[in-house]
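> No letters, just coordinates:
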């Protein structure tokens, strides 16, 4: 198993790790598009939970961002990254199988951590969240 810290490249930016560098956003770009472009220029170690959640939800550079998300979620699976308690977790468990393919060990670790959550901790999540987590846990490894 690869130590998680080796996957993080904390001193480097996504523009460095995930070439080619993105051109500046168009003048009429949305706030979200401008934010994602900005986040690609910040060293990974300086990204906060809200930044990671934004990148995960937009599926940007997942080979570099997913380990950051899992690292945070193993410590605090119901982390309120920006919108609500568990928002990073829900964004992460809803990623396509292709995002998890390079990291089966991280997926197993996250699934184990989610399984350890008390039912009472999950009931306060937004409507449908408990079902999303149950679906994620029930899926076969090879089909996610």
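That came through fine. None of these values were measured; they are calculated from a predicted model. Numbering: from 1, shown residues only.
> Where does the prediction get shaky in the protein?
Along the chain, the model assigns pLDDT under 70 to residues 1-8, 141-144.
> Could I get the full set of helices for it?
Secondary structure of the chain (DSSP state H): helices located at 14-17, 31-39, 49-57, 62-75, 87-93, 97-100, 104-115, 119-122, 129-138.
> and those as TSV, adding mean neighbour count?
All C-beta atoms are positioned from the backbone trio N, CA, C, and that covers glycine. Listed next are the helices of the chain as TSV, based on neighbours: other CB atoms under 10 Å:
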stretch	mean neighbour count
helix 14-17	17
helix 31-39	15
helix 49-57	22
helix 62-75	20
helix 87-93	25
helix 97-100	15
helix 104-115	16
helix 119-122	12
helix 129-138	15
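> With distance to residue 25 as extra columns, can I get those helices in JSON lines?
JSON lines is the format used below for the helices of the chain (distance: least, CB to CB, whole Å):
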{"stretch": "helix 14-17", "distance to residue 25": "13"}
{"stretch": "helix 31-39", "distance to residue 25": "5"}
{"stretch": "helix 49-57", "distance to residue 25": "14"}
{"stretch": "helix 62-75", "distance to residue 25": "19"}
{"stretch": "helix 87-93", "distance to residue 25": "22"}
{"stretch": "helix 97-100", "distance to residue 25": "24"}
{"stretch": "helix 104-115", "distance to residue 25": "30"}
{"stretch": "helix 119-122", "distance to residue 25": "37"}
{"stretch": "helix 129-138", "distance to residue 25": "31"}
